[in-house]
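**Q** coordinates only, no sequence provided:
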């Protein structure tokens, strides 16, 4: 797809602050056009052509009005319906912080997350040049997502994005996609997730005494009575089902880039399945037919293996949506899991 297509009417480009200043100072369209960079185009990565700047602020104001409307229409969630690790109000956060002697400044955090300056700073960190914002995903109109809009403040802004390693190119691709299609950093409602979705999330796990140090992201946790080494890493996975407070997910692993065949014994290969882009390939030695990617906003490692052992995560794992597998692959995946655990 050529990168010089004409902009679509009705969609608006977001112009970073430094580009806007350059444009205002030069007052010429030629200088701005010459400074634009071409975005790399992939067969399964979405390309959004730039939109006219004239409608930028009108579009952003319309988006903000929609968010406020969702806020006003959202229903109060009962205490029993709260997700793991989630607090319902600033007052509760303030009470817990003050009672524990903490120094958390909740009001300052909330103001910074909702301010237009902070939002501009975050969006500027995503894009090096002019880029466009596509229409929001249709899942944003689900009643469950609208009812959970009050959670968005805990999943938006730089503080939320810094939980991820933003030095990784594929992480930045997912953060851009989350902003363009879901207007957030990470998922704030389980209603945003659909079966077969390819997701990326943070997973902490304990490192045994016989295991090597995990490097960056590893720390000792606990207190006087007990201590353990815990490692935090970002992991891809595939959504197998969503429930009231958690998601059933199948984890993806590359075994530090070495692949399944070099790390796991052959007797364990049937517990995994490979995954590849449509028309692509995988070197996975699993006897199971590899899954096909229907769409992905970032490149996935060809050594990836999906473990056919479901686990659960919640919104506290800070979930990013990366794409999905094909419907045929999802049906085969369900069959493989049932055959593995229910026969």
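**A** Yes, it's here. For clarity, every value in this text was computed on a predicted model and none was experimentally measured.

**Q** how many neighbours does the nearest residue to residue 302 once chain neighbours are set aside have?
**A** Using CB to CB, 6 or more residues apart in numbering and skipping the chain neighbours, the partner closest in space to residue 302 is residue 282 (5.5 Å). Any C-beta I mention is one placed from the backbone N, CA and C, and that applies to glycine too. Per other CB atoms under 10 Å, the neighbour tally for residue 282 reads 22.

**Q** am I right that residue 282 is in a strand?
**A** No: in this structure, residue 282 is coil, not part of a strand, as judged by DSSP: H, G, I helix; E, B strand; the rest coil.

**Q** residue contacts, it?
**A** Residues counted as contacts of residue 282 (CB atoms under 8 Å, 6 or more residues apart in numbering) are 274, 275, 276, 290, 302, 303, 304.

**Q** swap in residue 292?
**A** By CB under 8 Å, 6+ apart, residue 292 lies in contact with 275, 276, 277, 278, 325, 326, 328, 329.

**Q** you'd agree residue 241 is up against residue 247?
**A** Yes: counting by CB atoms under 8 Å, residue 247 is a contact partner of residue 241 at 7.3 Å.

**Q** the two: which is more packed in?
**A** Using other CB under 10 Å as the criterion, residue 241 and residue 247 rank with residue 247 on top: 25 against 13.

**Q** I'd like the distance between that one and residue 259.
**A** Using CB to CB, to the nearest Å, residue 247 is found at 27 Å from residue 259.

**Q** can you list the buried residues in the lengthiest strand in the chain?
**A** Counting residues, the longest strand found in the chain (DSSP state E) is strand 227-242. Neighbour counts over strand 227-242 (16 or more other CB atoms under 10 Å) mark 229, 230, 231, 234, 235, 236, 237, 238, 239, 240, 242 as buried.

**Q** pretty sure the fourth one contacts residue 186?
**A** To tie it back to what came earlier, the one meant is residue 234. No: using CB under 8 Å, residue 234 makes no contact with residue 186, being 11.5 Å away.

**Q** and residue 332, which of the three is it?
**A** Per three-state DSSP, residue 332 ends up helix.

**Q** which ones are touching it?
**A** With the criterion set at CB under 8 Å, 6+ apart, residue 332 makes contact with 289, 291.

**Q** mind pulling up the pLDDT for it?
**A** Note for residue 332: predicted pLDDT of 97.

**Q** gap between it and residue 271?
**A** 15 Å.

**Q** quick one: low-confidence ranges for the stretch 201-343 of the chain?
**A** Along the stretch 201-343 of the chain, segments meeting pLDDT under 70 span 214, 278, 343.

**Q** actually the stretch 1-150 of the chain, not the one I wrote
**A** 1-118, 129-134.

**Q** let's see it at 90
**A** For the stretch 1-150 of the chain, applying pLDDT under 90 flags the ranges 1-136.

**Q** related to what we said a few turns ago, by neighbour count, which of the contacts of residue 282 wins?
**A** residue 275 (26 neighbours).

**Q** which stretches of the stretch 201-343 of the chain form helices?
**A** Using DSSP state H, counting those that start in this stretch, the helices found in the stretch 201-343 of the chain span residues 260-263, 327-341.

**Q** contacting residues for residue 139?
**A** 145, 182, 191, 192, 194.

**Q** scratch that, residue 269
**A** Per CB under 8 Å, 6+ apart, neighbours of residue 269: 260, 261, 285, 286, 287.

**Q** can you mark which positions in stretch 289-309 are buried?
**A** Buried positions in stretch 289-309, judged by neighbour count with 16+ other CB under 10 Å: 290-298, 300, 302-308.

**Q** what's near enough to touch residue 140?
**A** By CB under 8 Å, 6+ apart, the contact set of residue 140 is 146, 182, 183, 192.

**Q** how about residue 185?
**A** Residue 185 is in contact with 122, 155, 156, 157, 160, 161, 175, 178, 179, counting by CB under 8 Å, 6+ apart.

**Q** domains of this structure?
**A** Listed domain ranges for the chain are 12-191, 197-205+234-341 (source: automatic domain parsing).

**Q** and residue 300, how far is that from residue 226?
**A** Relative to residue 226, and taking CB to CB, residue 300 is found at 37 Å.
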